[in-house]
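Trainee: What follows is a protein structure lacking sequence information:
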Ligand code: ADP
């Protein structure tokens with residue numbers, strides 16, 4: 001394979017730049033030309049293709065966001081849109097494509113693969129909601145971001161003897177709340193995978209107050225409800241003083257952690273190796289600290305499993 005392309009799609013994540021760098025360096029080392037496609041599938045349809053250069057990737061791997069930019073494209077979801085994208089790839093002589101993105105981006109990659117282009121998916125999403133891989137690029141940075149905010153919020157909550165509720169990203173997947181909660185010593189974690197009636201949650205906070213624990217930290221994944229609604233509920237049913245914070249995009253920004261940079265480098269390398277072997281239609285991931293590849297079709301259909309043991313451990317540690 002002489003010429004390959006790489007794009008970032010869907011939500012950006014810290015570590016995407018480190019992955020682009022790895023794809024570029026590995027590709028060049030294998031005598032390939034590496035083209036960057038700007039603005040995801042939208043840019044692919046519009047033909048926004050250019051060579052990646054050393055200047056583009058050097059001094060950028062420590063930055064969040066993506067030098068290739070990202071986008072969402074409704075047009076690409078249609079058969080006509082996918083065909084347009086295919087024609088652009090053909091016109092540029094791009095024989096293999098690497099897509100760095102989440103679940104939606106992988107479905108797009110699969111659609112392109114079915115039209116005959118060799119595509120490899122690299123998991124980039126802070127939510128860690130892809131079941132075929134233990135970790136996705138950006139998750140580790142996001143939980144470190146949240147963990148640091150937990151301690152700042154706890155300082156001010158403690159000064160006022162208040163309960164602090166921190167709303168984090170995760171509509172379907174509570175991994176950010178779980179891992180940030182465990183690392184930040186949260187007293188209660190509310191996630192979609194372990195639905196808890198708010199009455200029970202409010203009772204826990206009221207009981208904490210009764211036994212003299214005036215400051216508790218609650219992590220709530222957006223899929224389990226909003227911090228605002230939860231605070232209102234607790235205020236209406238208990239005498240607990242409670243304040244909510246929505247962390248929002250803070251979670252997704254900032255310099256990628258060492259773990260995310262290393263993961264990005266390893267996944268980028270494997271993706272290029274697969275293309276070099278003439279393989280397409282795979283997603284790369286990490287399982288038990290080994291880089292693995294599974295068919296895209298399978299990758300998008302594996303249900304994400306929740307770490308119940310870790311959740312229960314946190315409940316134990318929050319008890320006393
Ligand atoms: P993420 O990759 O982070 O999950 P999205 O779900 O927004 O982000 O998907 C990114 C892009 O992937 C979409 O804007 C669309 O162009 C493409 N895409 C998503 N779902 C599909 C699908 N079922 N078929 C084809 N393309 C899709």
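Mentor: Arrived safely, thanks for sending. Note that this is a predicted model, so its numbers are computed, not measured.
Trainee: who touches the helix or strand of the chain with the lowest mean pLDDT?
Mentor: Lowest by mean pLDDT, DSSP states H and E among the helices and strands of the chain is helix 54-57, with a mean of 93. When contacts are defined by C-beta atoms under 8 Å, 6 or more residues apart in numbering, helix 54-57 is touched by residues 17, 20-21, 24-25, 36, 67. C-betas here are computed from N, CA, C, even on glycine.
Trainee: switch to 6 Å and redo it
Mentor: 20-21, 24, 67 (C-beta atoms under 6 Å, 6 or more residues apart in numbering).
Trainee: contacting residues for residue 304?
Mentor: 129, 131, 173.
Trainee: re earlier: neighbour count and pLDDT added to the contacts of helix 54-57, as TSV?
Mentor: Output for the contacts of helix 54-57, formatted as TSV (neighbours: other C-beta atoms under 10 Å; pLDDT from 0 to 100):
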residue	neighbour count	pLDDT
20	28	98
21	22	98
24	25	98
67	17	97
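Trainee: Pull the most distant pair out of the residues you listed.
Mentor: 24 and 67 (10.4 Å; C-beta to C-beta).
Trainee: So what touches stretch 142-149?
Mentor: Stretch 142-149 has contacts (C-beta under 6 Å, 6+ apart) with 126, 168, 176, 179-180, 183-184, 247, 251, 254, 257.
Trainee: Where does pLDDT dip in the stretch 201-320 of the chain?
Mentor: Residues of the stretch 201-320 of the chain meeting the criterion pLDDT under 70: none.
Trainee: in it, which spans are helices?
Mentor: Along the stretch 201-320 of the chain, counting by DSSP state H, counting those that start in this stretch, helices occupy 227-237, 258-276, 296-299, 308-319.
Trainee: Would you mind saying which of those helices lies nearest residue 92?
Mentor: helix 258-276 (15.2 Å).
Trainee: Enumerate the positions of the closest one that are buried.
Mentor: 259-261, 263-276 (16 or more other C-beta atoms under 10 Å).
Trainee: now stretch 148-163
Mentor: So for stretch 148-163, counting by 16+ other C-beta under 10 Å, buried means 149-150, 153-154, 157, 162-163.
Trainee: does the ligand sit close to stretch 270-287?
Mentor: No. Residues of stretch 270-287 are not located near the ligand by C-beta under 6 Å from any ligand atom, the shortest gap being 11.9 Å.
Trainee: Spell out which residues of the stretch 51-200 of the chain are next to the ligand.
Mentor: Within the stretch 51-200 of the chain, the residues that sit near the ligand (C-beta under 6 Å from any ligand atom) are 72-73, 76-77, 101-105, 107-108, 111, 125.
Trainee: Helices - which of those land there?
Mentor: Counting by DSSP state H, these place 76-77, 103-105, 107-108, 111 in helices.
Trainee: Max pairwise distance over those: which two?
Mentor: Taking C-beta to C-beta, the two most distant members of these are 76 and 103; they sit 14.7 Å apart.
Trainee: the more surrounded of the two?
Mentor: Taking other C-beta atoms under 10 Å, residue 76 and residue 103 do not tie; residue 76 has more neighbours (23 against 20).
Trainee: List the contacts of the more buried one.
Mentor: 41, 108.
Trainee: Try it again at 7 Å.
Mentor: 41-42, 45, 82, 85, 108 (C-beta atoms under 7 Å, 6 or more residues apart in numbering).
Trainee: Residue 100 versus that one, what's the distance?
Mentor: In this view, residue 76 and residue 100 are 16 Å apart by C-beta to C-beta, to the nearest Å.
Trainee: now swap in residue 1 and tell me
Mentor: Distance, residue 1 to residue 100, by C-beta to C-beta: 18 Å.
Trainee: try residue 15
Mentor: 9 Å.
Trainee: Tell me the residues that contact both of these two, please.
Mentor: Shared contacts of residue 15 and residue 100, defined by C-beta under 7 Å, 6+ apart, are found at residue 124.
Trainee: Quick check: closest non-adjacent residue to the residue in the stretch 51-200 of the chain that the ligand sits nearest to.
Mentor: Ranked by C-beta to the nearest ligand atom, the top residue of the stretch 51-200 of the chain for proximity to the ligand is residue 104, at 2.1 Å. With sequence-adjacent residues excluded and distances taken as C-beta to C-beta, 6 or more residues apart in numbering, residue 104 is closest to residue 10, at 5.4 Å.
Trainee: Just give me the neighbour total for the one you found.
Mentor: Every residue meeting other C-beta under 10 Å relative to residue 10 is counted, giving 22.
Trainee: Quick one: classify it as helix, strand or coil.
Mentor: State at residue 10, reduced to three classes by DSSP: H, G, I helix; E, B strand; the rest coil: coil.
Trainee: And the residue of the stretch 201-320 of the chain closest to the ligand?
Mentor: Nearest residue of the stretch 201-320 of the chain to the ligand (C-beta to the nearest ligand atom) works out as residue 300 at 8.6 Å.
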